[in-house]
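> what follows is a predicted protein model with its sequence.
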Amino acid sequence: MIFSQWPSQRVQLAAGAALCAALMGAALYLQHGLRLEPCPLCIFQRLFVIALGVVMLVAAVHDPHGVGRKVYGALVLVLGVLGVAVAGRHVWLQHLPADQVPECGPGLEYMLDAFPLSETLSMVFRGSGECAEVQWTFLGASIPEWTLINFVGFAAFGVYLLVTRRPTTGGR
């Protein structure tokens, strides 16, 4: 099988966790080094990256078989799809014509203090003008576009964990 030439499951999961750490490192550099303030949608994307990193790190340590592999695969898939939804919404806001961009709203910290969680989430996902602003690009793609690409990859990795069987090795 073609997958038999790939690195072990533990290495793949550790690489996924390392990628999440690198994404968070890049986000923190952009925020603190380049002084680019994250909008509420950026913050939610960061939460999904952190959650994915934690799940993949725990899975790498656990190195599951059978049902455990499927559980971790499902978690990675769900978190990846949720990340795709948030990043996709963010990219959509960035591509709106200027006259259709929502007005800027309050910051996330204020919303969490002043409104119930359900209303805060609703306000965040409606987006605001600050979410539509493209502050930085690399190779022509904005931060949310790069994040969207990564979330699609994570979701695909979750599918891979769900549909493939881990090769059995000698003592296990």
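Done, it's in. Numbering: from 1, shown residues only.
> which element is the spatially most central residue of the chain on?
With distances taken as C-alpha atoms, centre = their mean, residue 49 lies nearest the centre of the chain, 3.9 Å away. Residue 49 is part of helix 40-62 when elements are defined by DSSP states H and E.
> report the contact partners of the residue nearest to the centre of the chain.
Residue 49 makes contacts with 20, 23-24, 27, 83, 147, 150, as judged by C-beta atoms under 8 Å, 6 or more residues apart in numbering. C-betas here are computed from N, CA, C, even on glycine.
> show me which of these are buried.
20, 23, 27, 83, 147, 150 (16 or more other C-beta atoms under 10 Å).
> distance to residue 73 and pLDDT added to those, as a markdown table?
Below are these laid out as a markdown table (distance: C-beta to C-beta, whole Å; pLDDT from 0 to 100):
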| residue | distance to residue 73 | pLDDT |
| --- | --- | --- |
| 20 | 16 | 96 |
| 23 | 20 | 94 |
| 27 | 25 | 90 |
| 83 | 15 | 95 |
| 147 | 21 | 93 |
| 150 | 17 | 96 |
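> go through the helix holding residue 49 and flag the buried ones.
By neighbour count on 16+ other C-beta under 10 Å, the buried set for helix 40-62 is 40-42, 44-46, 48-53, 55-57, 59-60.
> need the buried ones among the contacts of residue 49 in a markdown table (columns: secondary structure and distance to residue 133).
Compiled in a markdown table, the buried ones among the contacts of residue 49 are given as follows (DSSP: H, G, I helix; E, B strand; the rest coil; distance: C-beta to C-beta, whole Å):
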| residue | secondary structure | distance to residue 133 |
| --- | --- | --- |
| 20 | helix | 25 |
| 23 | helix | 20 |
| 27 | helix | 16 |
| 83 | helix | 20 |
| 147 | helix | 15 |
| 150 | helix | 21 |
